[in-house]
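Undergrad: here are the coordinates; sequence isn't available:
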């Protein structure tokens, strides 16, 4: 960090324009004393620790012995700003949890050694097959799982449908539990501790 013309910059510029119209390059090869003659000062930053309800104000800059020091005051956000920050963090956490639930819900499940897809299309298909199996106990169908086709009887279809329903419901139940925790959280740290 450097102080150049009363402005803080992260690194030395390639070219420095001097007040008399001249320019200087290769500033990185100059000593601190040479830089100070040009009004360029290496700068140390002093940033006290922050709570999530605080932010830094504009720094107070002092120059002593060829070096600058930028000291940042700690300011409190207004109550409305704090509420906005917390709501934004909650919204992001709700989206994160919903995405994790979706990934878990649609990842598939194992039913008696047969891996069943659980994406939304497969859920709809197994629901339709289960309705038919309820109507006709002799019904059977060829079903495509992750590892290929298998012939399923009505009782097997119903068992798979029940397993898929239980799996999907468990995913939604877990998301609902976590959303309830999100709603009562009072800080970003509490939100960070919530995971699917």
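TA: Cool, got the structure. Being a predicted model, the structure only gives us computed values, none of them experimental.

Undergrad: the residue of the chain most remote from its centre: what's it in contact with?
TA: Farthest-out residue of the chain from its mean C-alpha position, per C-alpha atoms, centre = their mean: residue 138, at 50.0 Å. If you count contacts by C-beta atoms under 8 Å, 6 or more residues apart in numbering, residue 138 has them with residue 154. Just so you know, the C-beta spots here come from the backbone N, C-alpha and C atoms, and that holds for glycine as well.

Undergrad: and it, how far from residue 132?
TA: Distance, residue 138 to residue 132, using C-beta to C-beta, to the nearest Å: 11 Å.

Undergrad: next: residue 151.
TA: Distance from residue 151 to residue 132, by C-beta to C-beta: 15 Å.

Undergrad: report the secondary structure state of the residue farthest from the centre of the chain.
TA: Residue 138 falls in the coil class when you classify it by DSSP: H, G, I helix; E, B strand; the rest coil.

Undergrad: any chance you could map the strands in the protein?
TA: Taking DSSP state E as the test, the strands found in the chain are 2-4, 7-9, 15-17, 23-25, 40-46, 54-56, 60-64, 67-71, 74-76, 109-111, 114-116, 140-145, 148-153.

Undergrad: so which of the ones you listed gets nearest residue 84?
TA: strand 54-56 (12.7 Å; C-beta to C-beta).

Undergrad: max-length helix in the protein?
TA: helix 154-184 (DSSP state H).

Undergrad: got the angle for that one vs strand 140-145?
TA: Computed by axes from the mean of the first three to the mean of the last three C-alpha atoms, to 10 degrees, the angle separating helix 154-184 from strand 140-145 equals 40 degrees.

Undergrad: show me what helix 154-184 is packed against.
TA: The contact analysis (3 or more C-beta pairs under 8 Å, 6 or more residues apart in numbering; DSSP states H and E) places helix 154-184 against helix 79-105, strand 109-111, strand 114-116, helix 120-135, strand 140-145.

Undergrad: which of those is buried the deepest?
TA: strand 114-116 (a mean of 17; mean count of other C-beta atoms under 10 Å).

Undergrad: what pairs with it, parallel or antiparallel?
TA: Using DSSP bridges, the strands paired with strand 114-116 are strand 109-111 (antiparallel).

Undergrad: list of residues touching the strand it pairs with?
TA: 115-116, 118, 159-160, 163-164, 167.

Undergrad: rerun that using 10 Å as the cut-off
TA: When contacts are defined by C-beta atoms under 10 Å, 6 or more residues apart in numbering, strand 109-111 is touched by residues 115-118, 145-146, 156, 159-164, 166-168.
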